[in-house]
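**Student:** Build me a structure from this.
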Amino acid sequence: MMASLFSSFDPSTNLGLSLNWLSSFIGIMLIPSMFWLIPSRASVIWNKILNTLHKEFKVLMASNKMNGSTILFVSLFSLILFNNFLGLFPYIFTSTSHLTLTLSLALPLWLSFMIYGWVNNTIHMLAHLVPQGTPPALMPFMVCIETISNIIRPGTLAVRLTANMIAGHLLLTLLGNTGNSLSLYLINVLIIVQLALLTLESAVSIIQAYVFAVLSTLYSSEVN
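**Tutor:** You can find the predicted model right below:
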């Protein structure tokens, strides 16, 4: 039972095909088409969302040295959001529910921030290891704590996104598997609950993409 339950998160078992990460690249074929068509309401709304994110990320970064870098985090938000929503459709593997993808996004970002910060702003990075107002006796401990908190940042980014994607899908799978043994009345209740959970998962998909992009922006602002 447990093996068959978690097999829904194995990309090679869906429809018996080993199309592991195809869903992540579908956006490359679909998204650019909006730029070649007459602007629709959907494209206008999406452009407004991207402009709002650009302004917010620009405020969070609070640095004039990295003009234009917000496009990286806006693109990161778009990629994660697309994959999160794509996983809500039946028989489509949710690539963001695997650490393979989420860690591949978080680790290079964090590593590039750290290399840039330690090479160009070494004094500033050292000052971050000891918060202002720390008593001298606690400074060695604060350095250890801050160092560990910096090292685990890519892991927390990746696990947060993966865990939130798995949790909702797992609950939907558990409830869906009970449908065969329920009466007609309870099946109607189950459908309502599943629709409510699906709405919640849609909100979680947006929130987690936003959280991932915002935290990445904040991590990049600390190295300047």
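
**Student:** helices or strands up against the strand or helix carrying Leu126?
**Tutor:** Using DSSP states H and E, Leu126 falls within helix 122-128. Identification of packing neighbours for helix 122-128 by 3 or more C-beta pairs under 8 Å, 6 or more residues apart in numbering; DSSP states H and E yields helix 99-120. For every residue, glycine as well, the C-beta is placed using N, CA and C.

**Student:** Now do the buried residues in the helix it packs on.
**Tutor:** Using 16 or more other C-beta atoms under 10 Å as the test for burial, helix 99-120 gives Leu101, Thr102, Leu103, Leu105, Ala106, Leu109, Trp110, Phe113, Met114, Gly117.

**Student:** One more: stretch 198-209?
**Tutor:** Glu201, Val204, Ser205, Gln208, Ala209.

**Student:** Need the contact partners of it.
**Tutor:** Stretch 198-209 has contacts (C-beta atoms under 8 Å, 6 or more residues apart in numbering) with 77, 80-81, 84-85, 87-88, 96, 160-161, 164-165, 168-169, 172.

**Student:** Among those, which one has the most neighbours?
**Tutor:** Highest neighbour count within these: Thr96, with 29 neighbours (other C-beta atoms under 10 Å).

**Student:** for it, what are its contacts?
**Tutor:** Counted by C-beta under 8 Å, 6+ apart, Thr96 has contacts Ile80, Asn83, Asn84, Gly87, Thr102, Leu161, Thr162, Met165, Gln208.

**Student:** secondary structure element for the last one?
**Tutor:** Right, the one you point to is Gln208. Assigned by DSSP H and E, Gln208 belongs to helix 184-221.

**Student:** gap between that helix and the chain center?
**Tutor:** With C-alpha atoms, centre = their mean, to the nearest Å as the basis, helix 184-221 stands 12 Å off its chain's centre.

**Student:** quick one, it and helix 99-120 angle?
**Tutor:** If you take axes from the mean of the first three to the mean of the last three C-alpha atoms, to 10 degrees, helix 184-221 sits at 20 degrees to helix 99-120.

**Student:** can I get the buried residues of stretch 198-209 in CSV with pLDDT and distance to Leu60?
**Tutor:** Converted to CSV, these look like this (pLDDT from 0 to 100; distance: C-beta to C-beta, whole Å):
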residue, pLDDT, distance to Leu60
Glu201, 90, 27
Val204, 91, 22
Ser205, 91, 21
Gln208, 92, 18
Ala209, 92, 16
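
**Student:** got JSON lines for those residues, with distance to Ile45 too?
**Tutor:** Shown next, in JSON lines, are the buried residues of stretch 198-209 (distance: C-beta to C-beta, whole Å):
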{"residue": "Glu201", "distance to Ile45": "21"}
{"residue": "Val204", "distance to Ile45": "20"}
{"residue": "Ser205", "distance to Ile45": "17"}
{"residue": "Gln208", "distance to Ile45": "20"}
{"residue": "Ala209", "distance to Ile45": "16"}
